[in-house]
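# next come a sequence and a model predicted from it.
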Amino acid sequence: MSILILAEHDHQSIKPVTLNVVTAARQIDADVHILIAGTDCSAAADEASKIHGITKVLKSDAPELSHRLAENLTPIIVGLADSYSHILAPATTFGKNVMPRVAALLDTQQISDISAIHDADTFDRPFYAGNAIATVKSSDAKKVITVRGTAFDPTKSEGGTSPIEDVASNGDSSLSNFVKQELSKSDRPELTSAKIVVSGGRGVGSGENFALIDALADKLGAAVGASRAAVDAGYVPNDYQVGQTGKVVAPELYIAVGISGAIQHLAGMKDSKYIVAINKDEEAPIFGVADYGLVGDLFDIVPELTEKL
Amino acid sequence: MKVLVPVKRAVDFNVKIRVKADNSGIELNNVKMSMNPFDEIAIEEATKLKEAGTVTEIIAVTIGPDKAQETLRTAMAIGADRGILVETDAPTDIGGVEPLAVAKTLKALVEKEKPDFVIMGKQSIDDDSNQTGQMLAALLNWPQGTFASKVELNDGKATVTREIDGGLETIEINLPAVITTDLRLNEPRYASLPNIMKAKKKPLDVMKPEDLNIDYTPRLSVVKVTEPPKRVGGGKVADVDELIDKLRNEAKVI
């Protein structure tokens, strides 16, 4: 049987993490379909049809799908489920919100946040904040899965020419309504797909001081992240948070500035290829995972680094 | 309004866990257990709503061993009026009671207790699944307000501000509904000693999964549990110049 991916998109274009999910899907089976559910989402569907390795695009285009409400998306996916052995989505706040609802209606025990695929039934998933990896084998006939994007390379976004087929929406559930969104505006790369991430912690001291982090990030073309402590202190918005309950990142280079390295934070960044730690406390646990630790005052080091790069 | 708050006994968030020598799970003997932090936030929110006069009764529910009664007592010390333990010796982190089975248990209790809404943690810090609230909402055909950082109740609706990947989103959901809590919804209080003493006298019902006709046979069998590859860190550089040199010529990442 085929595999269905629930794409994450903004109606115009596909979110990069979807490409990582395609790679995971193709490790299970070669026949991979992708669902674009949205409003006026032809552009996103066209983009999806070009993704390497996709064999069919399903497009559900309806007004009630404009804000990805789980109550409206779920019946569409459940309605398609008969034709699929596996249904996959990225383990983002979008996928995490919708997929358990789908799984429950299919009477399937979802497998969250998989980081490796052994066979069509057997998967690795981190738990206990990534301090242990469970290899689990599902006995459910149908698998509902969310995929940890950073654990799979993205597939090519070009090269495919799959057909686009329309799928009906089930209408508005009348259970929920979208009110508003307050999204952080930034010209920087997206945190979870950036090649370089510069993160600040409580040591940065204030929201104003985060300008130092921003300047370094801009010099490197990097995304900006933060520890939970920095978010809780109100220095930066919640969507900057890297860690167990925030975003999981695995860039080529992660620069941790003024971050002590609590377990919860390490869970979100320890798969980065290279880690730089800048902290005045040489006992800070962050140095235990850093390839290049620099002990000293971030208010001296960061401007110097930005200037010399 | 009446509210049901599911809570879970899990490894304390400060504990550094160890994988069992036979790779069958996590060593939980003689390890400090506490209420899952996200559930504490849920109890706190329900308690605040009760103090504001919106909520009249808070029922805390847990699934776990006899010792999970302590978790219910903690919930009652913060503000729950009574507790229900669905007692099982099956593991609750992996290879035992799974989120779907928990959601089915909660559905049965919702049908019995008829709360106006359910508020619970978005995930537990042991199995990290982040599924139960959404599954419960699906099984009841209720709307869901997940990852909440703000909740307002009025006129049979809840306005929920959600923490999403790009920032914040606000939705309005009809009651009854399931709300799951994120970190910044509130800061849970410490229970006072008088409230801890009072909690000991509050009603606590114990039942078995069979009483609710729920089957806890896991769907996911545990092949093995392993530690993630250890990261070799600890490298140091003397100054900014050496750092730049290493990043350019050794790591080749800039």
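Happy to help now that I have it.
# for the helix or strand in which B:M120 is found, list the C-alpha coordinates in PDB.
Using DSSP states H and E, B:M120 sits in strand B:117-121. Coordinates of each C-alpha in strand B:117-121 appear next as PDB, following Å, rounded to 0.1, in the frame of the first residue of the first chain:
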ATOM      1  CA  PHE B 117     -14.000  21.000  29.700                       C
ATOM      2  CA  VAL B 118     -10.800  19.100  30.200                       C
ATOM      3  CA  ILE B 119      -7.400  20.800  30.700                       C
ATOM      4  CA  MET B 120      -4.200  18.800  30.800                       C
ATOM      5  CA  GLY B 121      -0.500  19.000  30.000                       C
END
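# neighbouring contacts of it?
Contacts to strand B:117-121, defined as CB atoms under 8 Å, 6 or more residues apart in numbering or on different chains, come from residues B:1, B:3-8, B:36-42, B:45-46, B:106, B:110, B:132-133, B:136, B:151, B:153, B:158, B:175-181. The way it works is simple: take the backbone N, C-alpha and C, and place the C-beta from them, glycine included.
# at 7 Å what do you get?
B:3-6, B:36, B:38-39, B:41-42, B:45-46, B:110, B:132-133, B:136, B:158, B:175-181 (CB atoms under 7 Å, 6 or more residues apart in numbering or on different chains).
# what ranges do the strands span in the stretch 101-250 of chain B?
For the stretch 101-250 of chain B, the strands defined by DSSP state E, counting those that start in this stretch occupy B:117-121, B:144-154, B:157-164, B:167-174, B:177-181, B:204-207, B:220-226.
# redo these as JSON lines? Include mean pLDDT, mean neighbour count and distance to A:K247.
Output for these, formatted as JSON lines (pLDDT from 0 to 100; neighbours: other CB atoms under 10 Å in any protein chain shown; distance: least, CB to CB, whole Å):
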{"stretch": "strand B:117-121", "mean pLDDT": "98", "mean neighbour count": "28", "distance to A:K247": "19"}
{"stretch": "strand B:144-154", "mean pLDDT": "97", "mean neighbour count": "22", "distance to A:K247": "13"}
{"stretch": "strand B:157-164", "mean pLDDT": "97", "mean neighbour count": "22", "distance to A:K247": "11"}
{"stretch": "strand B:167-174", "mean pLDDT": "97", "mean neighbour count": "19", "distance to A:K247": "12"}
{"stretch": "strand B:177-181", "mean pLDDT": "98", "mean neighbour count": "28", "distance to A:K247": "18"}
{"stretch": "strand B:204-207", "mean pLDDT": "98", "mean neighbour count": "14", "distance to A:K247": "39"}
{"stretch": "strand B:220-226", "mean pLDDT": "98", "mean neighbour count": "17", "distance to A:K247": "24"}
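# save those as JSON lines, and put in distance to A:T155 too.
JSON lines is the format used below for the strands of the stretch 101-250 of chain B (distance: least, CB to CB, whole Å):
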{"stretch": "strand B:117-121", "distance to A:T155": "34"}
{"stretch": "strand B:144-154", "distance to A:T155": "28"}
{"stretch": "strand B:157-164", "distance to A:T155": "25"}
{"stretch": "strand B:167-174", "distance to A:T155": "28"}
{"stretch": "strand B:177-181", "distance to A:T155": "32"}
{"stretch": "strand B:204-207", "distance to A:T155": "49"}
{"stretch": "strand B:220-226", "distance to A:T155": "27"}
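# out of the ones you listed, nearest to A:S184?
strand B:167-174 (4.7 Å; CB to CB).
# is that closest one positioned near chain A?
Yes. For strand B:167-174, a contact with chain A is found by CB under 7 Å from any CB of the partner chain, at B:G167, B:L168, B:E169, B:T170, B:I171, B:E172, B:I173, B:N174.
# need those residues in JSON lines with distance to A:V231, can you?
Shown next, in JSON lines, are the residues of strand B:167-174 next to chain A (distance: CB to CB, whole Å):
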{"residue": "B:G167", "distance to A:V231": "12"}
{"residue": "B:L168", "distance to A:V231": "12"}
{"residue": "B:E169", "distance to A:V231": "17"}
{"residue": "B:T170", "distance to A:V231": "19"}
{"residue": "B:I171", "distance to A:V231": "22"}
{"residue": "B:E172", "distance to A:V231": "26"}
{"residue": "B:I173", "distance to A:V231": "25"}
{"residue": "B:N174", "distance to A:V231": "31"}
